[in-house]
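> output the structure for:
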Amino acid sequence: MVYLNPANQSSDCEIERQPALPPSLLIPPPDKPPEPASKLGLKAKIMLTAIALGVIPVMVIGAIAYQVTTTHVTRQVKLTQQAHTNQLATMLEEYIVSRKNEVTSFASSTIFTNPNVIERVTVSQKKAALNAFQNQNKFYDNIAYLDLQGNPLFQSQSEFPLVNNLSNRPYIQKAIAIKQAVVNEISISPLSGELQMEFAVPVKNGWTDEVIGVMYFRIPGEQIEPIFGQLTAENEQWLLINTQNTVVASAVENLVNQPLAKYYPEVQAAHAAKQMATVSGDNPQSTGTKQLVDYTPVKVGTANPQLNLGTAIALDKDVALASLQPLRWIFLGGTMGTALLVSSLAGLLANRLLQPLSTLNAAVERWKQGKLDTRVKLKGQDELSVLGARLDEMAEQLNLAVQDKKDLTQSAELIANISQARSTRELQLPLGLFLATVRHKIVTDRVIFCQFDRQWGGKIIAESVALDFPRTLGIQLDNFCFEQEELQKFQGGGIQAFSALKHAHLNEYHLQQLKIYQVKAGLILPVVLDRQATDESELVGLLIVHQCDRNRVWKQSDIDYLQQITAQLATVLSAYFYQRHENHHKIDFKKNVAQVASSIEQMTHGNLSINLDSLGQGSELVKSVNTMVKSVRQTLIQVKTPATKINTQLSTNKQDLAKLQDNLWQQANQLKLTFILIEQILNSTAEVSSQAELASEAISSVVSNVESEQANFAQAVTFMSELKVYLRNNTEKVHHLNSASQKMTRVIDSIRKINLRASLLASKLGKRIPQLGETMFGLQEEIESIQQSIAATRELEGLVRSIDSEISGVLQDYANSSSILQQEKDIVANASKNLEQILQISKTAQRHLFSVAHTANTQIKTALTVSNLKSELNQTSQSIYALSDRTVNSLEKTALTAKDLKNVLDFLKLDRA
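Modelled structure (predicted):
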């Protein structure tokens, strides 16, 4: 920490900014009539001429270039959008052709075209094939098989199944007539109200190529619309148009199922002519918005040449030609930039010539308004620069004179107001205003006055701070902000200054507080009262100055000025602190008298726990009362402690004797029960002894029987082991039999396949013989022999199946018998082990019974000895119970006396609050 001597301060710090005068110090200009509007000057005329020469050619050239660029960009946009529409039409064509080939291939499946397969495949199997095709391709929501009259025979699972006859639909009849797949008109479904595409595919006999049925395929709109959504942008409106000139699908819901001529009549003309076209129309969603509409027809080819489908993409012109907007701004910006450049050059030349005179004129006008801090600051060595420098010096001297006069006046008024303050509330406003004048005078960011309390803690009671920094008014400073040595220095009139926080020798807590309030540099000066003004410490507060925006080396003139301020504050605050000390003394004395009176009243009601130490040691009345209370309290405490202990011990002894008496009574009862139980034990022991001898004889006979049965179980185990060896020897034969059964099963499968192929061959030959004539009579006999062989093979198949069934039964019986034999062997082995355990347990029980009999005889002798002591124990317990009864009565009388003493002491409250 650095303590500075005012005499040794350097003056190397300069003020870098001029203080702003408050509005009250501004000198109002004298009233004068308004000046007439002046004509254009030379500077304005030169700038207007340069602008005219530069802007007009640039605007003409920019307009021509913009028109050429607009025409080229518009043509490119139309070509791009037309190509986009062509791509959309091509995708739809490919989609229709792909679906046509797909359904044609499925309708040619053997399950629908081969007569032999058709007879053997059930309707449910055909329906399952439709469902499998529908689930596999995901494009169709309904597939149906129709007869030639248009009646649905079977169909796949669908949300909207077919229930009506479809013979009245032209595309169904056309598909039957031309024997090719036909696509129907893309339209809105009357059932679901959604877009749909329908195919009719003829089903032809695989041998005769005759149409035997029709397959119906339906594609929902949710499988068609994604084609348009994938190929169109967010701002593009796509349309799908059918043969009836109706919009059947669109990105705009309001256009669906609407006539095309209602919104785009020019597109309808192109649709009727099946020609590509790019037209301009109105946006149906936004009135007054123009659109570019590109149309391309869709060629479905042989699927249905009569169809006239088309796709169109509509895009707002504002969006389509959005690229022209930057060009417009570029050309406009270039034109304006060129004009500004030309005018700037002209203005720069005029400004270089007329700037000094304009600067002098502006400065004079500001001085006339009272802004004396304005400076001309002309560069150069010409006459105008010298004139500007002299005018600046004159303004500086005038500004200092006005400011000094105002400061003296305002300081005198504020000091007078401070000297009249008698409370902190009255002191804050005039002292804050006074600190504001000090802050403006030395050009700093914060000036505060910190007032000390009795424990050397401080509180900020007045402050003047710049708007950009936090306020500290009302902040309570802890007493450890300043060390004891620092306080002693302050009491001696020393000051503390630091130009930067890193140079401040302050404790860590004080530095942290300064960082919170953004302090970079500071000055601390003590405010010390005259010793005759008060009997307390003469250091009453600190005047603290903070620089928050930058580091600062304090000038000696600033320090001298602040020392004068602290001396003035010490003089004018003497009356305030004297009155403050007197008020504190009066309040403390009244408070002590009231608390002493209250304490005496409490003592009269038995409350001796009052504490008068908090009232202070300065009053004789407090000392006397406090001494008397302490003496009485100590005497009663000395009496209360032994009385409490006696009462507690008597209560404890009384409880213990009562418990002892109860225990003696319980002991006497327990002795009676014990003797009764001993007699019962004696009787039961004699009975147990006789029963043990009988049980020992019975167990001996059981042991002999178990030993004889153990030999029989050993023979049974030996026999089952021999039988298991015999069955193991036959296992290989059983495995060979199982292999033969499996081979016979494979033979049966081969025979079944041969029968199926022979049947198909015989059926085909049977149908061909009538066409070949009588020359093939020998072939007819061969077919009959084949059919006889098929019948014989079927009988052989049945015989083999029966043999295989018998072999399977034998194998199953063999496996069951082997398992049962193993289970029975395990049961016999477990029984043998259990029998051996029973033998061991019986022998152990026999030994235990012999031991129980011997123990019972011994207990009988002991019980006879205990019964002899019964009479002596009864006499002793009765004597002890009588003695305890007399002791309890005596203690009850003593406890009543101790309780009375305790009640008297409890009435007097001795514990301190």
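
> need the per-residue pLDDT for residue 732.
In this prediction, residue 732 carries a pLDDT score of 68.

> okay, now the domains of this structure?
Following automatic domain parsing, the chain resolves into domains at 74-320, 424-585, 620-710+869-906, 723-852.

> so which of those gets nearest residue 400?
domain 424-585 (11.7 Å; CB to CB). The C-beta positions use only the backbone N, C-alpha and C, and glycine is treated the same way.

> pLDDT on that closest one, on average?
The model assigns domain 424-585 a mean pLDDT of 84.

> and if you look at stretch 275-295?
83.

> how about the domains of the chain, which one is nearest residue 385?
So among these, domain 424-585 is nearest, using CB to CB, at 27.8 Å.

> got the contact list for residue 94?
Contacts for residue 94 (CB atoms under 8 Å, 6 or more residues apart in numbering) come out as none.

> which strand or helix spans it?
Using DSSP states H and E, residue 94 sits in helix 42-107.

> and for residue 258, the neighbour number?
Neighbours of residue 258 under the rule other CB atoms under 10 Å: 16.

> that one contacts residue 246, doesn't it?
Yes - between residue 258 and residue 246 a contact is recorded at 7.1 Å, counting by CB atoms under 8 Å.

> tell me the mean pLDDT over the helix or strand just after the helix holding residue 94?
Using DSSP H and E, the helix or strand that follows helix 42-107 in sequence is helix 110-113. When pLDDT is averaged along helix 110-113, the result is 89.

> now whichever helix or strand comes after helix 110-113: how far from the chain's centre is it?
Proceeding C-terminally, helix 110-113 gives way to helix 115-120 as the next helix or strand, assigned by DSSP H and E. On the basis of CA atoms, centre = their mean, to the nearest Å, helix 115-120 sits 65 Å off its chain's mean C-alpha point.

> stretch 836-853 now?
On CA atoms, centre = their mean, the centre of stretch 836-853 falls 75 Å from the chain's centre.

> try stretch 113-122
On CA atoms, centre = their mean, the centre of stretch 113-122 falls 63 Å from the chain's centre.

> going forward, count from 634.
I'll keep to 634 as the first residue from here, and by that count the last item is stretch 746-755.

> could you work out the end-to-end span of that stretch for me?
14 Å (CA to CA, to the nearest Å).

> which residues does it contact?
743, 744, 745, 836, 837, 838, 839, 840, 1393, 1396.

> mind running it again at 10 Å?
With contact meaning CB atoms under 10 Å, 6 or more residues apart in numbering, stretch 746-755 is reached by 740, 742-745, 759, 761-762, 836-842, 845-846, 1392-1393, 1396-1397, 1400.

> buried residues in it, which are they?
Neighbour counts over stretch 746-755 (16 or more other CB atoms under 10 Å) mark 746, 751, 754 as buried.

> likewise stretch 844-857?
For stretch 844-857, by 16+ other CB under 10 Å, it's 845, 846, 847, 848, 849, 850, 851, 852, 853, 854, 856, 857.

> what helix or strand does the first one sit in?
This means residue 845. strand 844-853.

> how far does the helix or strand just after that strand sit from its chain's centre?
Using DSSP H and E, the helix or strand that follows strand 844-853 in sequence is helix 858-864. Computed by CA atoms, centre = their mean, the chain-centroid distance of helix 858-864 equals 37 Å.

> what's the first helix or strand after helix 858-864?
strand 870-874.

> distance of residue 1325 relative to residue 1471?
Taking CB to CB, to the nearest Å as the measure, residue 1325 falls 20 Å from residue 1471.

> and the two? Which one has more around it.
It is residue 1325, of residue 1325 and residue 1471, that has more neighbours when counted by other CB under 10 Å, with 18 against 15.

> hang on, that one is in a helix, isn't it?
Yes - if the criterion is DSSP: H, G, I helix; E, B strand; the rest coil, then residue 1325 is within a helix.

> who's in contact with it?
So residue 1325 contacts 1481, 1482, 1483, 1484, 1485, 1486, 1487, 1488, 1489 (CB under 10 Å, 6+ apart).

> find the centremost residue of the protein, please.
residue 867 (32.6 Å; CA atoms, centre = their mean).

> what sits against that one?
Neighbour list for residue 867: 884, 952 [criterion: CB under 10 Å, 6+ apart].

> from residue 1452, how far out is it?
To residue 1452, residue 867 is 76 Å away according to CB to CB.

> please apply the same query to residue 919.
Taking CB to CB as the measure, residue 919 falls 88 Å from residue 1452.

> same deal with residue 1156?
Taken as CB to CB, the span from residue 1156 to residue 1452 is 111 Å.

> what's the answer for residue 1498, then?
From residue 1498 to residue 1452 the distance is 69 Å (CB to CB).

> same check, this time on residue 1440
Residue 1440 is 19 Å from residue 1452, where distance means CB to CB.

> compare these two (neighbour count), which wins?
Between residue 1440 and residue 1452, counted using other CB under 10 Å, the more crowded position is residue 1440 (16 against 10).

> I'd like the mean pLDDT over the strand or helix carrying the more buried one, please.
Residue 1440 belongs to helix 1410-1501 when assigned by DSSP H and E. Rounded to a whole number, the mean pLDDT of helix 1410-1501 is 72.

> same question for stretch 944-955.
80.

> so what's the gap between it and the chain middle?
Using CA atoms, centre = their mean, the offset of stretch 944-955 from its chain centre is 43 Å.

> ends of it, what's the gap?
Stretch 944-955: ends 24 Å apart by CA to CA.

> which of the residues in it are buried?
Going by 16+ other CB under 10 Å, stretch 944-955 has these buried residues: 944, 945, 946, 947, 948, 949, 950, 953, 954.

> where strands are concerned, which of those residues count?
Within the buried residues of stretch 944-955, residues falling in strands by DSSP state E are 944, 945, 946, 947, 948, 949.

> between these, which is nearest residue 1291?
residue 949 (107.0 Å).

> so the closest one touches residue 921, yeah?
No - counting by CB atoms under 10 Å, residue 949 stays clear of residue 921, with 11.1 Å between them.

> burial of the nearest residue to residue 891 once chain neighbours are set aside, as a residue count?
Counting by CB to CB, 6 or more residues apart in numbering, residue 891 lies nearest to residue 880, which is 5.3 Å off, once chain neighbours are set aside. By other CB under 10 Å, 22 other residues sit near residue 880.
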